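>>> my questions are about this predicted structure, shown below with the sequence.
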Amino acid sequence: MFFGTHTPKLDDKGRLFLPAKFREELAEGLVVTRGQERCLTVWSMTDFSRLTDRLREAPVTNKGTRDYVRMLFAAASHEVPDKQGRINIPPPLREYASLSKDVMVIGAMNRIEIWDPGAWQTYSEEQEQKFSELSDEVFPGI
């Protein structure tokens, strides 16, 4: 499970130091791809395989399914962290998420998201009230 907020930096070659507490689970490899709201999503190989299996069950006759699969897989990059825990973020993905040197890395349960700090700040401010209101919808009775 991934959680917390971290502020690593991209180096001049577009490599990101994974937060130390995420490295063990991702040591064998990961997939980084487009996420929603212009962030990047990092999946362990196991969870990406599960997602792929679910998408295989979706009907390809559905336009939404085709569109989602195309966007997700066309941008996907398989990466293996180096001995220092760095992964490469390919230029098209850095451009998609408007990433420069400073980034926000957040744990999001079964995945990691990589955000431009300004975009994350705006998003989290916009979502704060909705987060409070959604608790009853997502977890009735809690």
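All right, it came through fine.
>>> now do the SS call for the residue nearest in space to the middle of the chain.
Centroid check for the chain by Cα atoms, centre = their mean gives Thr41 as the closest residue, at 1.5 Å. Per DSSP: H, G, I helix; E, B strand; the rest coil, the local secondary structure of Thr41 is strand.
>>> I figured it hits Met109, correct?
No - under the criterion of Cβ atoms under 8 Å, Thr41 is not in contact with Met109, lying 11.6 Å apart. C-beta: built from backbone N, CA, C; applies to glycine.
>>> contacting residues for the residue nearest to the centre of the chain?
32-35, 111-114 (Cβ atoms under 8 Å, 6 or more residues apart in numbering).
>>> who does it bridge with?
Legend: beta-bridge partners of Thr41 under DSSP bridges are Thr33, Glu113.
>>> what does the one helix or strand in the chain whose mean pLDDT sits lowest contact?
Across the helices and strands of the chain, mean pLDDT, DSSP states H and E gives its lowest value to helix 117-138, namely a mean of 85. Contact with helix 117-138 is made by 7, 37-39, 97-98, 102-104, 106, 115, 142, as judged by Cβ under 8 Å, 6+ apart.
>>> among those residues, which are located in strands?
104, 106, 115 (DSSP state E).
>>> out of these, which is nearest to Ser77?
Closest approach to Ser77 among the ones in strands among the contacts of helix 117-138 (Cβ to Cβ): Trp115, at 17.3 Å.
>>> from Pro90, how far out is that closest one?
17 Å (Cβ to Cβ, to the nearest Å).
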